[in-house]
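Chemist: Need a 3D model of the sequence below.
(chains A, B and C)
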Amino acid sequence: MRTLAWAGRRAVGLRGEAATLLRQAQAERRWSNVTLGVGIVIVGALAVAGFFASLIAPFDPNAVDLTQRLLSPSGKHWMGTDPFGRDIFTRTLYAIRLDLVVVLIITYVPMVFGMIVGALAGYFRGWVDAITVRVIDAFIAFPFIVLVIAVVAILGPGLKGVYIGVLAVGWTLYARLTRGDMLVLREQQFILAARTLGYSPRRVILRHAVPNLIRSNLVFSMADIVLNLLLLAGLSYLGVGVQAPTAELGAMVADGQSFLQQAWWVTTLPGVVIVVLGAGFSMIGDSLADRLGQKFGVVG
Amino acid sequence: MSTQAPDGARNGDPILVVEALEKWFPVPRSPIDVIRRNPRERVHAVDGVSLQLLPNEVLGIVGESGSGKSTLARCLVALYRPNQGSIHFDGVDVTEATGQMRRDLHGRMQMIYQDPFTSLNPQMSIGAAIEEAGKVHGREGNDFVGDLLEVVGLPRSFTGRRPRALSGGQRQRAAIARALAVQPEVLIADEAVSALDVSIQAQILNLFAQLSDELGLAMIFIAHDLAVVSHVADRVAIMYLGRIVEEGPVDAVFRTPRHPYTRALLDAHPDPYTLGAADETTPISGDIPSPLDIPSGCRFRTRCPYATDVCETDDPALAPDDGPHRVACHVLPFGPPAEGWETAE
Amino acid sequence: MTSTEGALRADQAETSAPPLLTIKRLRIGFPSLEGIVLAANDVHLTVGQGEVLGLVGESGSGKSVTCRAIVGMVPHPGAVLGGRIDYDGRNVLEFNRTEMRELRAREIAMIFQDPASALNPVFTIGHQISEVLRLNAGLGRAAARARSIELLERVGIPAPDRRMSAFPHEMSGGMRQRVMIAMALAGEPRLLLADEPTTALDVTIQDQVLQLLEDLRRERNMSMILVSHDMGVIGTAADRVAVMYAGRIVEVAPTDVLFSSPDHPYTRALIDAMPQLTPEDRTELRTIPGQPPDLLKLPEGCPFAPRCPLARHDCAEVSMELTAVSPTQLSACPFARRES
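Modeler: Okay, here's the model as predicted:
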């Protein structure tokens, strides 16, 4: 607080150009704060709505009522009803909850696994590293989504397939990122120092290296969340993800597509929610990347 | 296996004995090298170094880039495994030890690194770093943390601070406190003051001198700056391309250098007070040869103004010249000091 | 104000010719979230024809930034906030882009600390020198090649015609710095800015490069600003020395005067803190207490006061104007002389 007040006083005493420089730096920071704030509000609001779905939602998400088919948005059905007469608003709330949970799992479980593999490979090098790199390269050489679909096809459709499929493929990007960081980090003097202090490899990696590797992984994961959200919706849309009748945003988009002419809301409104949720995550990710990226920095 | 130190006048047996140590690194081969069956190349970073360190002694090691001084230090603290030769610490062969025993042995030798900005974990408070080091080596409680901060001249209140909140000199003090938490018998400082500003460098040099006096630590002090070494070391070894070329008491080596390379280093040292005098000697020409391609015979001969035919064929051994003052040179162009080094100036 | 003008005149008195470069009241600021950091604060400097001015200070003292401001290369996001830099009678701060390019091409050259990153790794040495010659001196391909070889030979590169086709990574640090010097010489500059030119080099190589710079300066009557943190390098290579602390010039004096009778307490402390090669006795080094200054939290008045052995209550009112101690020596401390 004191430094800020002091800085203000000092800036007044300086010529116009200095004040402009200061304003620019502050404006950049402020803009980043605004983006972060808006992102958190969007994701936060949707998350709260989703997690209290059972309290908020006016209807049962899976109650079929063929007399209420394809009703347009109204005071009773805020987002209208779908071809089975289910309330879309209710289903959207439940779908948000499901999507958020699944997306967090398929982002952060692979992240943790990938970090461990990457850290071990980068730290020990030698044959551990050689094998890891080959495996990673092999995975990355295939298109991500095709691999996931292949895994899902083997295991059969459903969430289990999504979890296993994404974990099997998703860890590779984190492992590659972490391995690269670790190669740099292991030559950093505080890692050398930890080794010369007689610490066991376990301690050196877990206590000293990993906390310094988390930052870049978190930044990367923020972008990954958005991709995974779209991936989950995409798989469900294709019919290999979440199975009917469970409400899922991508599946809901698919539900309405043959009625696009008569009932636009069935497809469009869940689609808009996907876009808004994705945008919210992107905003948080971008401004966090700005912030963490600056200090990304044991290394830099 | 404990060998009597050549200058056995000092107290007791050496705590550290390095014999004929070699460390080389393979040069990565490209596929073309493999196809052409080019010979595997090696960088000889340390190429036959023997030295001894007495308890309570400060040994300075001076060398330019490529001299192998840092590789030597890393072999001593087991970051590298030497390819040849032995390191005996307190009578035990360090290179043979494995696992926990190896880690314990090396706990007794601690290293201080060059860059205080990266030698501390940015995510840990300095108190936690010091405490961890002590705990791993079996110290109880955490009273020692504050005591150690005081030993290195930091206020006790710094315990909770992150390295980011410390200046360069303060971080180097914290790094020293962390090394001391292990209660080492030997401290190895690898360019420990060269990243610091002059005013801070002097503070840290004084701290090292104080630690060696008050705690009786044996120390190996590695630096490229001769004046810095001259301030803390009792004995000094000059390294060139992986070898020790001259070794002896600091005053003897710096006032009456016998090896042409030592002489050249001293002449090249920019010292505003020897203005004029320094300009009379011609600087040695040429670059330091690549450690990939070490010259035959004496490795300094390519830059030595006194080199003769024998220098090209015979590799000079580090031979006693004047008691504890040893030098590896066939020519010895500067003549033996007539009445000892005091009067040679 | 008048005292400084008088001091500047005194400063110039030793050389009859007008100085090649005069910096007055230069202020350079960097914005940060906590406010503007003044990296250079009311800096006054003169560089005479054929003179080597040493600019010495610890990290963060503002020596490099000051040097770079002369060629309009203050690193982003910093900016010159005030003052003037007169080169050969014209204020370079008012130069437009073309004039500035012209100045860099023909008048003022610069060499940096790290010759490894100052050369482009994908082009040969010969290509890079010839390019400078063809662009700045308007030479044709063949003439540029011939001149490049000449320059490489002049800076002491063995077998220069063969070295023309070498890439930077095939050369040692010392050789790369020689190549940088050759490139700097291509425009026949009258002023060379050398920013820590030997800091990354080994002692024996440093000695060679300093010797080369000295020879070139004599042979071409070139002026030079030598920026360094190393009092030893400054002491051997500079004619006159300006000492910087926390963005301020605290003392200017001819090299021998500076080392034999420093006036400002900071200069004295800096000299005392230098380890000696063969000290008379190996007692404790004299140190400067405390930590380097935080440019955002400088005290009023003299920035060195918190670490100064001579500090007194009125240090907060010191104006930091340079005043003449003798006809050639200027100091910002009004108290040091009286104390001693």
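Chemist: switch to C-alpha atoms for all contacts and neighbour counts from now on
Modeler: Will do.
Chemist: tell me, what residue is most central in the chain?
Modeler: The chain I'm using is chain A. Centrality entry for chain A: nearest residue to the mean C-alpha point is A:I225, 1.5 Å, by Cα atoms, centre = their mean.
Chemist: that answer is for a different chain, and I need it for chain B
Modeler: The centroid of chain B falls nearest to B:I222 when counting by Cα atoms, centre = their mean (3.0 Å).
Chemist: does that one really touch B:V58, like I thought?
Modeler: No: assessed by Cα atoms under 8 Å, B:I222 is found out of contact with B:V58, at 10.3 Å.
Chemist: Number of residues surrounding A:F84?
Modeler: A:F84 has 16 neighbours, counted by other Cα atoms under 10 Å in any protein chain shown.
Chemist: returning to that earlier point: measure the residue nearest to the centre of chain A to chain B for me?
Modeler: Distance of A:I225 to chain B, given as Cα to the nearest Cα, to the nearest Å: 26 Å.
Chemist: for that residue, phi and psi?
Modeler: phi -60, psi -50 (degrees, to the nearest 10).
Chemist: doesn't A:L104 make contact with it?
Modeler: Yes: contact status for A:I225 versus A:L104: in contact at 7.2 Å, counting by Cα under 8 Å.
Chemist: all strands of chain B, in order?
Modeler: Counting by DSSP state E, chain B has strands at residues B:16-26, B:42-53, B:58-62, B:84-89, B:92-93, B:109-112, B:186-190, B:218-223, B:235-240, B:243-249, B:319-322, B:325-327.
Chemist: ranking those by mean pLDDT, which is last?
Modeler: Among the strands of chain B, strand B:319-322 carries the lowest mean pLDDT, a mean of 72.
Chemist: what number of residues lie near the closest residue in space to B:A264 that isn't next to it in sequence?
Modeler: Spatial nearest neighbour of B:A264, chain neighbours left out: B:I284 (6.4 Å); criterion: Cα to Cα, 6 or more residues apart in numbering or on different chains. B:I284 sits with 20 neighbouring residues when counted by other Cα under 10 Å.
Chemist: what do you get for B:P28?
Modeler: Look at B:P28: counted by other Cα under 10 Å, it has 10 neighbours.
Chemist: And for B:H330?
Modeler: As a burial measure, B:H330 scores 17 neighbours (other Cα under 10 Å).
Chemist: which ones are touching it?
Modeler: Counting by Cα atoms under 8 Å, 6 or more residues apart in numbering or on different chains, B:H330 touches B:V310, B:C311, B:P316.
Chemist: quick one: the last one from B:G68, how far?
Modeler: Computed as Cα to Cα, to the nearest Å, the B:P316 to B:G68 distance reads 18 Å.
Chemist: what's the answer for A:A289, then?
Modeler: 41 Å.
Chemist: Could you check which of those two has the larger neighbour count?
Modeler: With neighbours defined as other Cα under 10 Å, A:A289 and B:G68 compare such that B:G68 has more, 25 against 20.
Chemist: and C:L192, which of the three is it?
Modeler: When classified by DSSP: H, G, I helix; E, B strand; the rest coil, C:L192 comes out as strand.
Chemist: Which pLDDT does the model give it?
Modeler: pLDDT recorded at C:L192 is 95.
Chemist: Counting neighbours, what do you get for it?
Modeler: 23.
Chemist: Quick check: beta-bridge partners of it?
Modeler: When bridges are called by DSSP bridges, C:L192 pairs up with C:A109, C:M224.
Chemist: just checking, A:I284 touches A:S32?
Modeler: No: the criterion here is Cα under 8 Å, and A:I284 misses it with A:S32 at 9.4 Å.
Chemist: So which of these two has more stuff around it?
Modeler: When A:I284 and A:S32 are compared for neighbours, A:I284 comes out ahead with 25 against 18, by other Cα under 10 Å.
Chemist: And that one, how far from B:Y306?
Modeler: Using Cα to Cα, one gets 69 Å for the distance from A:I284 to B:Y306.
Chemist: Where is the longest helix in chain C?
Modeler: helix C:203-220 (DSSP state H).
Chemist: What residues sit buried inside that helix?
Modeler: Residues C:203-214, C:216-217 are the ones in helix C:203-220 that count as buried (16 or more other Cα atoms under 10 Å in any protein chain shown).
Chemist: Go through these and name the one nearest chain A.
Modeler: Distance to chain A, by Cα to the nearest Cα, is smallest for C:V203 among the buried residues of helix C:203-220, at 24.5 Å.
Chemist: Okay, helices next: where are they in the stretch 51-200 of chain A?
Modeler: Counting by DSSP state H, counting those that start in this stretch, the segments of the stretch 51-200 of chain A that form helices are A:53-56, A:88-124, A:126-141, A:144-155, A:159-185, A:189-196.
Chemist: worst average pLDDT in those?
Modeler: Among the helices of the stretch 51-200 of chain A, helix A:144-155 carries the lowest mean pLDDT (a mean of 82).
Chemist: how many other residues sit next to the nearest residue to A:R86 once chain neighbours are set aside?
Modeler: Counting by Cα to Cα, 6+ apart, A:V64 is the residue found nearest to A:R86 once chain neighbours are left out, at 5.6 Å. Applying other Cα under 10 Å, we find 16 residues neighbouring A:V64.
Chemist: ok, now A:T67?
Modeler: Count around A:T67 with other Cα under 10 Å applied: 9.
Chemist: Quick one: residues contacting it.
Modeler: With Cα under 8 Å, 6+ apart, A:T67 has these contacts: A:G85.
Chemist: switch to 6 Å and redo it
Modeler: For A:T67, the contact set (Cα atoms under 6 Å, 6 or more residues apart in numbering or on different chains) is empty.
Chemist: from what I can see C:L193 touches C:I225, true?
Modeler: Yes: the criterion here is Cα atoms under 6 Å, and C:L193 meets it with C:I225 at 5.0 Å.
Chemist: between the two, which one's more packed in?
Modeler: Between C:L193 and C:I225, C:L193 has the larger neighbour count (other Cα under 10 Å), namely 25 against 22.
Chemist: which one is that one nearest to, not counting chain neighbours?
Modeler: Distance criterion Cα to Cα, 6+ apart; nearest residue to C:L193, sequence neighbours excluded, is C:M110 at 4.5 Å.
Chemist: wait, what's in contact with the one you found?
Modeler: Contacts for C:M110 (Cα under 6 Å, 6+ apart) come out as C:L192, C:L193, C:A194.
Chemist: try 10 Å
Modeler: By Cα atoms under 10 Å, 6 or more residues apart in numbering or on different chains, C:M110 lies in contact with C:67-68, C:71, C:104, C:180-181, C:183-185, C:189, C:191-195, C:197, C:224-225.
Chemist: how much space between the residue nearest to B:G160 when sequence neighbours are not counted and B:V145?
Modeler: Among residues not flanking B:G160 along the chain, B:S125 sits closest, at 5.3 Å (Cα to Cα, 6+ apart). Computed as Cα to Cα, the B:S125 to B:V145 distance reads 12 Å.
Chemist: Name the residue in those two with the higher neighbour count.
Modeler: For B:S125 versus B:V145, the count of surrounding residues by other Cα under 10 Å is larger for B:V145: 24 against 19.
Chemist: okay, the more buried one: pLDDT?
Modeler: For B:V145, the pLDDT comes out at 93.
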